[in-house]
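Participant: next input, structure requested:
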Amino acid sequence: MARIAVLGAGARVGGFALAGALVLVADDPEQARAAWDSLPEDIAVAVLTAKVAAALGDRIQTGPADLPLLAVMPE
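Facilitator: Sure thing, here's the model as predicted:
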């Protein structure tokens, strides 16, 4: 079954766990890249904070075709 992952600062993403999402806390660019690299294969949708999206840069723009559907939260 496909899942949703949410990546970002703990204060912004923690509540998504209540809805069943996989929450990966990333408070800085290094943590953002490590969280992205650790995404399980069954993730179909990844919700990113704007800071995580900026930290990932090209990783989310030029990645493989099997990347999850992405949504970026507004600041």
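
Participant: SS state for the residue nearest the centre of the chain?
Facilitator: The centroid of the chain falls nearest to L7 when counting by Cα atoms, centre = their mean (3.5 Å). At L7 the chain is in strand, as set by DSSP: H, G, I helix; E, B strand; the rest coil.

Participant: which residues does stretch 41-57 contact?
Facilitator: 1-9, 12-13, 16, 21-22, 26, 28-29, 32-33, 35-36, 39, 60, 68-75 (Cβ atoms under 8 Å, 6 or more residues apart in numbering). The way it works is simple: take the backbone N, C-alpha and C, and place the C-beta from them, glycine included.

Participant: should've said stretch 18-27
Facilitator: 3-10, 13-14, 16-17, 31-32, 34-35, 38-40, 43, 47, 49, 52, 55.

Participant: so which of these sit within helices?
Facilitator: Those of those mapping onto helices are G10, V13, Q31, A32, A34, A35, V52, A55, per DSSP state H.

Participant: bridged to the residue lying closest to the second one once chain neighbours are set aside, which residues?
Facilitator: This means V13. Closest residue to V13 apart from its sequence neighbours, by Cβ to Cβ, 6 or more residues apart in numbering: V6 at 4.6 Å. With DSSP bridges applied, V6 shows beta-bridge pairing to V23, V47.

Participant: make residue 1 into 11 and carry on from there
Facilitator: Renumbered: residue one is now 11, and that last one reads V16.

Participant: tell me where the model's unsure across the protein.
Facilitator: Scanning the chain for pLDDT under 70 picks out 72-75.

Participant: so who does A12 touch?
Facilitator: By Cβ under 8 Å, 6+ apart, the neighbours of A12 are D52, I53, A54, V55.

Participant: any of those buried? List them.
Facilitator: The neighbour-count test (16 or more other Cβ atoms under 10 Å) marks I53 as buried among the contacts of A12.

Participant: which of the contacts of A12 fall in strands?
Facilitator: Of the positions in those, I53, A54, V55 sit in strands, assigned by DSSP state E.
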